[in-house]
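Build me a model from this:
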Amino acid sequence: MSLQRVFEKLLYWDVYLSAIIHGHESLMLTVMLFLPALIFSPTTIAGPIFFITHQYGYAYSIRYVISIVLSLVLTTFFKKHFKRQRPKPRPQLSLKPMYFRNKETNYSLPSGDCAQAATFLFYFLNAYGNGDIVVILIAILMTLNVMLGRVYFCCHYFSDCHLGFGIGVTSAFLINFILQ
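Numbers count the residues shown, from 1 in each chain. From the prediction side, this is the model:
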């Protein structure tokens, strides 16, 4: 089987599985995923930055901000390279699409919000790694909810979120390694 055929199969399953989530409307999922899907958007990214600054100091937060900038540069580069269109918003979505796709004219692959959530998770676990297991699990679940929320609210496909997560972790690791 050729590499192109494998890629086509993966793309088919990505769109198929994402369509299942895109077509599902649940009040419980909407309430559960609303805040995580918004917290790492470009208009609200100051919240996680202030949290890292308040908890761990300015030196640590500077690395975090540099990692965010690097992940945004990388996601912008990949969006312009892949040019994958965003999913069509479903008409039955009870929340207005403007919450999630207001003025989003860029492409879908990769998810910048998931990259920022992964960067936050990396820095949070790096600083709090030996802490309470419940807090660590909540941070991991929050990141997974960001990824699921971006798919649920028809902003991305699953692969967009996974690539965004990989970019976020990679940029955080590189910046943390270089500036340590």
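
Show me which helix runs longest in this protein.
What stands out as the longest helix in the chain, according to DSSP state H, is helix 58-82.

Tell me which residues of stretch 69-87 come out buried.
70, 71, 72, 74, 75, 78, 79, 84, 86, 87 (16 or more other C-beta atoms under 10 Å). C-beta coordinates here come from the backbone N, C-alpha and C atoms, glycine included.

Distance from the chain centre to it, please.
Put simply, stretch 69-87 sits 12 Å off its chain's centre (C-alpha atoms, centre = their mean, to the nearest Å).

again, but for stretch 78-95
Remark: stretch 78-95 is offset 14 Å from the chain centroid, using C-alpha atoms, centre = their mean.

now the helices: where do they sit in this protein?
Using DSSP H, helices in the chain cover 3-22, 27-39, 46-56, 58-82, 98-101, 112-128, 133-152, 158-179.

Could you tell me the least trusted of those?
Lowest mean pLDDT of those: helix 98-101, a mean of 53.

middle-most residue in the chain, spatially?
By C-alpha atoms, centre = their mean, the chain has its centre lying nearest to residue 114, at 0.8 Å.
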